[in-house]
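Visitor: output the structure for:
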Amino acid sequence: MAQEKFKTLIGGQALIEGIYMRGPDKQSIVVRKPDGTLESKVEPLKTAKDRSPILAWPLIRGVYNFGGSMVNGVKALLYSASFMPEEEQEEPTKFEKWIEGKFGSEKLEQWLIYSAAVMGILLAVGMFFLLPTFLVGLIRPIHDNLMLRNLLEGVVKIAIFIAYLALVSKMKEIRRVFSYHGAEHKSIRCYEAGLPLTVENVRPMTRKHPRCGTSFLFVVIIISVLAGSLIQVSHTALRMLLHLALLPLIVGVSYECNRFVGRHDNAFTRVISAPGMWFQNLTTYEPDDSMIEVGIEALKLVIPEQKGADLW
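Guide: Coordinates of the predicted model:
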């Protein structure tokens with residue numbers, strides 16, 4: 001792999017037969033349609049600072065950007081799904097038909113986007129934060145040993161995280177999405193190496209990247225384990241509520257940690273990022289050339305005209 005020349009803040013997300021890329025002032029979606037052609041979409045991007053200076057403050061920006069990335073990610077995912085053959089698309093529910101008939105297709109789309117984002121957050125919080133606390137709370141002999149209890153909760157969180165990634169990666173459709181995830185990383189690696197964005201240059205790049213969302217989620221889990229040591233109560237339901245109360249702080253701190261690791265490359269940051277990089281073995285796969293083409297196109301569409309405007 002060619003040596004990295006600079007770090008870009010451009011990042012992305014794998015979609016259904018496509019890739020979403022986010023740059024400093026634009027976001028793009030490129031989808032490979034069933035007929036083999038590429039469909040591209042580019043939109044201007046409003047940053048947190050554009051909306052309110054407060055949203056760009058440390059800790060607060062992490063929570064805001066996490067929520068925004070969930071919403072934008074769902075929007076992009078629904079857009080890519082719209083190019084699937086009709087027989088593969090799910091039939092709208094009665095409730096969705098009622099919303100469309102009552103408020104119109106635009107409101108239906110907004111409802112689908114925000115409900116999917118909320119459900120995704122609730123699922124992640126329930127699976128990786130509340131469930132471990134509940135399960136460990138069932139072990140009565142350690143009920144009042146808060147140090148051991150918090151340690152076990154951390155072990156269970158990591159075990160559930162690994163099991164979840166391992167299981168979903170076995171699904172045929174998800175493996176293909178994860179291959180597009182690899183194409184996204186490879187394209188960005190090639191760009192950061194200062195090489196022309198061609199399939200030949202992108203292909204040998206590593207499919208792992210230290211600023212990946214997988215690494216961020218792992219950091220969130222580790223920070224939550226550390227934050228759990230602040231919870232000095234043994235009642236399981238109360239512990240679960242306190243975990244929820246600490247979640248915005250955990251996300252904010254995790255975001256700042258990820259920014260720090262992404263900005264620096266030394267022995268310390270490589271050790272810190274190593275577990276997250278390892279987990280990318282489960283969330284990225286080697287893409288084929290057609291997927292790399294999608295990654296290159298999505299990246300090109302968000303590279304700023306002013307050189308250096310996207311430096312991390």
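Visitor: so where is the stretch 151-300 of the chain shaky, pLDDT-wise?
Guide: Nowhere does the stretch 151-300 of the chain drop to pLDDT under 70.
Visitor: show me where it has strands.
Guide: Counting by DSSP state E, counting those that start in this stretch, the stretch 151-300 of the chain has no strands to list.
Visitor: residue contacts, L151?
Guide: V225 (Cβ atoms under 8 Å, 6 or more residues apart in numbering). Glycine gets a C-beta too; all of them are placed from N, C-alpha and C.
Visitor: do the same with the one 5 residues further on
Guide: With contact set as Cβ under 8 Å, 6+ apart, V156 has these partners: L131, P132, L135, V136.
Visitor: one more: G182?
Guide: R207, T284, Y285, E286, P287, M291.
Visitor: out of the residues you listed, the closest to T37 would be?
Guide: Closest to T37 out of those is M291 (14.6 Å), distances taken as Cβ to Cβ.
Visitor: now for the closest one, how many residues are close by?
Guide: Other residues near M291 come to 26 when the count uses other Cβ atoms under 10 Å.
Visitor: returning to what we had before: could the contacts of V156 go into JSON lines alongside pLDDT, distance to I142 and neighbour count?
Guide: Output for the contacts of V156, formatted as JSON lines (pLDDT from 0 to 100; distance: Cβ to Cβ, whole Å; neighbours: other Cβ atoms under 10 Å):
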{"residue": "L131", "pLDDT": "94", "distance to I142": "17", "neighbour count": "16"}
{"residue": "P132", "pLDDT": "94", "distance to I142": "14", "neighbour count": "26"}
{"residue": "L135", "pLDDT": "95", "distance to I142": "12", "neighbour count": "14"}
{"residue": "V136", "pLDDT": "94", "distance to I142": "8", "neighbour count": "22"}
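Visitor: among the residues you listed, which lie within helices?
Guide: L131, P132, L135, V136 (DSSP state H).
Visitor: so the last one sits against G154, correct?
Guide: So the one you mean is V136. No. Using Cβ atoms under 8 Å, V136 makes no contact with G154, being 9.4 Å away.
Visitor: for the nearest residue to G18 once chain neighbours are set aside, list each beta-bridge partner.
Guide: Nearest non-adjacent residue to G18, counting by Cβ to Cβ, 6 or more residues apart in numbering: V31, 3.5 Å away. Beta bridges link V31 to G18, E39 when assigned by DSSP bridges.
Visitor: let me know the pLDDT of V31.
Guide: V31 carries a pLDDT value of 97.
Visitor: who's in contact with it?
Guide: Taking Cβ under 8 Å, 6+ apart, one finds L15, I16, E17, G18, L38, E39, Y79, S80, F83, V294 in contact with V31.
Visitor: against V177, how distant is the fourth one?
Guide: Distance of G18 to V177, given as Cβ to Cβ, to the nearest Å: 9 Å.
Visitor: the more surrounded of the two?
Guide: Using other Cβ under 10 Å as the criterion, G18 and V177 rank with G18 on top: 29 against 22.
Visitor: strands of the stretch 1-150 of the chain, residue ranges please.
Guide: Ranges of strands in the stretch 1-150 of the chain, per DSSP E, counting those that start in this stretch, are 11-15, 18-22, 26-32, 38-44.
Visitor: N201 contacts G194, correct?
Guide: No. Using Cβ under 8 Å, N201 makes no contact with G194, being 10.2 Å away.
Visitor: same drill for the two, tell me which one is more crowded.
Guide: In this view N201 and G194 are compared by other Cβ under 10 Å, and N201 has more residues nearby, 19 against 11.
Visitor: if I look at the more buried one, how far off is Q280?
Guide: To Q280, N201 is 21 Å away according to Cβ to Cβ.
Visitor: residues in contact with stretch 240-255?
Guide: So stretch 240-255 is contacted by 58-63, 65-66, 125, 129-130, 133-134, 216, 219-220, 223-224, 227-228, 230-231, 233 (Cβ under 8 Å, 6+ apart).
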